[in-house]
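Visitor: Pasting the sequence and the predicted model now:
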Amino acid sequence: MNKIEHIGIAVKDLAKANELFALIFGKPHYKVEEVISEGVKTSFFEVGPNKIELLEGTNENSPISKFIEKKGEGIHHIAFAVDNILAEVERLKNEGFIVLNEIPKKGADNKLVVFIHPKSTNGVLIELCQDAS
Ligand code: ZN
(Lines give C-alpha, C1' and ligand atoms only; values in the text may rest on other atoms or scores of the structure.)
Protein backbone atom coordinates (compact mmCIF):
# COMPACT_ATOMS: atom_id res chain seq x y z
CA MET A 1 0.00 0.00 0.00
CA ASN A 2 1.19 3.47 -0.81
CA LYS A 3 -0.42 6.05 1.43
CA ILE A 4 -3.68 7.00 3.06
CA GLU A 5 -5.89 8.06 0.17
CA HIS A 6 -8.64 9.46 2.38
CA ILE A 7 -10.51 9.01 5.62
CA GLY A 8 -14.26 8.38 5.41
CA ILE A 9 -16.62 9.84 7.99
CA ALA A 10 -20.26 8.74 8.26
CA VAL A 11 -22.70 11.61 8.78
CA LYS A 12 -26.47 11.82 9.11
CA ASP A 13 -26.93 15.05 7.20
CA LEU A 14 -24.39 15.77 4.48
CA ALA A 15 -25.46 19.39 3.92
CA LYS A 16 -25.06 20.23 7.61
CA ALA A 17 -21.81 18.26 7.88
CA ASN A 18 -20.42 20.10 4.85
CA GLU A 19 -20.97 23.38 6.68
CA LEU A 20 -19.45 22.07 9.90
CA PHE A 21 -16.33 20.65 8.27
CA ALA A 22 -15.91 23.78 6.15
CA LEU A 23 -15.64 25.66 9.45
CA ILE A 24 -13.14 23.14 10.81
CA PHE A 25 -10.94 23.11 7.72
CA GLY A 26 -11.41 26.78 6.82
CA LYS A 27 -12.56 25.95 3.30
CA PRO A 28 -15.50 24.32 1.59
CA HIS A 29 -15.71 20.83 0.09
CA TYR A 30 -14.59 20.64 -3.53
CA LYS A 31 -17.08 18.11 -4.78
CA VAL A 32 -20.20 16.13 -4.06
CA GLU A 33 -20.85 12.79 -5.64
CA GLU A 34 -23.60 10.22 -5.30
CA VAL A 35 -22.77 6.52 -5.64
CA ILE A 36 -26.22 5.14 -6.35
CA SER A 37 -25.15 1.47 -6.26
CA GLU A 38 -23.87 1.95 -2.69
CA GLY A 39 -26.73 4.14 -1.52
CA VAL A 40 -24.42 6.97 -0.50
CA LYS A 41 -23.92 10.63 -1.16
CA THR A 42 -20.36 11.79 -0.57
CA SER A 43 -18.44 15.03 -0.41
CA PHE A 44 -14.71 15.57 -0.42
CA PHE A 45 -12.48 18.08 1.33
CA GLU A 46 -8.83 18.68 0.64
CA VAL A 47 -6.69 19.33 3.70
CA GLY A 48 -3.11 19.86 2.66
CA PRO A 49 -2.08 16.63 0.94
CA ASN A 50 -4.94 14.73 2.58
CA LYS A 51 -8.53 14.08 1.66
CA ILE A 52 -11.56 13.65 3.87
CA GLU A 53 -14.70 12.01 2.56
CA LEU A 54 -18.05 12.59 4.22
CA LEU A 55 -20.72 9.97 3.56
CA GLU A 56 -24.46 10.10 4.03
CA GLY A 57 -26.73 7.10 3.42
CA THR A 58 -29.46 7.78 0.87
CA ASN A 59 -31.69 4.92 1.99
CA GLU A 60 -32.06 2.80 5.12
CA ASN A 61 -30.33 -0.22 3.55
CA SER A 62 -27.24 1.78 2.77
CA PRO A 63 -24.13 0.53 4.61
CA ILE A 64 -23.70 4.07 5.95
CA SER A 65 -27.22 4.22 7.36
CA LYS A 66 -26.68 0.84 9.03
CA PHE A 67 -23.32 1.93 10.42
CA ILE A 68 -24.83 5.08 11.96
CA GLU A 69 -27.72 3.09 13.38
CA LYS A 70 -25.27 0.76 15.16
CA LYS A 71 -22.40 3.06 16.07
CA GLY A 72 -23.52 6.60 15.49
CA GLU A 73 -21.75 9.16 13.35
CA GLY A 74 -17.99 9.11 13.11
CA ILE A 75 -15.00 7.65 11.34
CA HIS A 76 -16.24 4.89 9.05
CA HIS A 77 -13.19 3.77 7.07
CA ILE A 78 -9.61 4.49 6.15
CA ALA A 79 -8.76 4.22 2.47
CA PHE A 80 -5.33 3.33 1.20
CA ALA A 81 -4.07 3.93 -2.32
CA VAL A 82 -2.73 0.87 -4.11
CA ASP A 83 -1.18 0.45 -7.56
CA ASN A 84 -2.60 -2.99 -8.28
CA ILE A 85 -5.82 -3.62 -6.43
CA LEU A 86 -6.23 -7.22 -7.66
CA ALA A 87 -2.74 -8.15 -6.47
CA GLU A 88 -3.45 -6.56 -3.06
CA VAL A 89 -6.74 -8.47 -2.76
CA GLU A 90 -4.92 -11.70 -3.55
CA ARG A 91 -2.15 -10.92 -1.06
CA LEU A 92 -4.52 -9.99 1.78
CA LYS A 93 -6.78 -12.96 1.12
CA ASN A 94 -3.77 -15.25 1.34
CA GLU A 95 -2.89 -13.63 4.66
CA GLY A 96 -6.34 -14.60 5.92
CA PHE A 97 -8.11 -11.24 5.81
CA ILE A 98 -11.81 -11.12 5.02
CA VAL A 99 -12.29 -9.35 1.72
CA LEU A 100 -15.83 -7.97 1.41
CA ASN A 101 -15.84 -7.72 -2.38
CA GLU A 102 -13.16 -9.51 -4.33
CA ILE A 103 -14.22 -7.88 -7.54
CA PRO A 104 -13.41 -4.17 -7.26
CA LYS A 105 -16.42 -1.86 -7.28
CA LYS A 106 -16.65 1.58 -8.74
CA GLY A 107 -16.40 4.01 -5.83
CA ALA A 108 -16.58 7.77 -5.58
CA ASP A 109 -13.84 9.98 -7.01
CA ASN A 110 -13.17 7.71 -10.01
CA LYS A 111 -11.69 4.87 -7.97
CA LEU A 112 -11.93 1.12 -8.03
CA VAL A 113 -12.47 0.02 -4.45
CA VAL A 114 -12.36 -3.11 -2.33
CA PHE A 115 -13.24 -3.28 1.36
CA ILE A 116 -11.58 -5.43 4.01
CA HIS A 117 -13.93 -6.52 6.80
CA PRO A 118 -13.29 -4.82 10.15
CA LYS A 119 -13.66 -8.19 11.88
CA SER A 120 -10.27 -9.14 10.52
CA THR A 121 -8.57 -5.75 11.02
CA ASN A 122 -8.99 -4.82 14.67
CA GLY A 123 -12.28 -3.08 13.97
CA VAL A 124 -11.07 -0.81 11.18
CA LEU A 125 -12.89 -0.94 7.87
CA ILE A 126 -10.13 -0.66 5.28
CA GLU A 127 -10.78 0.49 1.75
CA LEU A 128 -8.24 -0.22 -0.96
CA CYS A 129 -8.45 2.13 -3.87
CA GLN A 130 -6.87 2.36 -7.25
CA ASP A 131 -7.38 5.09 -9.84
CA ALA A 132 -9.98 3.83 -12.28
CA SER A 133 -8.71 5.75 -15.28
ZN1 ZN B 1 -13.88 6.03 0.96
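Guide: Ah, there it is.
Visitor: Would you mind identifying the helix or strand in this protein with the lowest mean pLDDT?
Guide: Least confident helix or strand, the chain: strand 105-107 with a mean of 90, by mean pLDDT, DSSP states H and E.
Visitor: Tell me the confidence at the closest residue to the ion within the chain?
Guide: Using Cβ to the ion, the single residue of the chain nearest to the ion is residue 8, 4.0 Å away. (C-beta placed from N, C-alpha, C; glycine too.) Per-residue pLDDT puts residue 8 at 98.
Visitor: What strands line up against the strand or helix carrying it, and which way round?
Guide: For residue 8, the element it lies in under DSSP states H and E is strand 3-10. Here strand 3-10 has these sheet partners by DSSP bridges: strand 50-57 (parallel), strand 74-81 (antiparallel).
Visitor: Mean neighbour count, distance to residue 12 and mean pLDDT added to these, as CSV?
Guide: Putting these into CSV (neighbours: other Cβ atoms under 10 Å; distance: least, Cβ to Cβ, whole Å; pLDDT from 0 to 100) gives the following:
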stretch, mean neighbour count, distance to residue 12, mean pLDDT
strand 50-57, 21, 7, 98
strand 74-81, 18, 11, 98
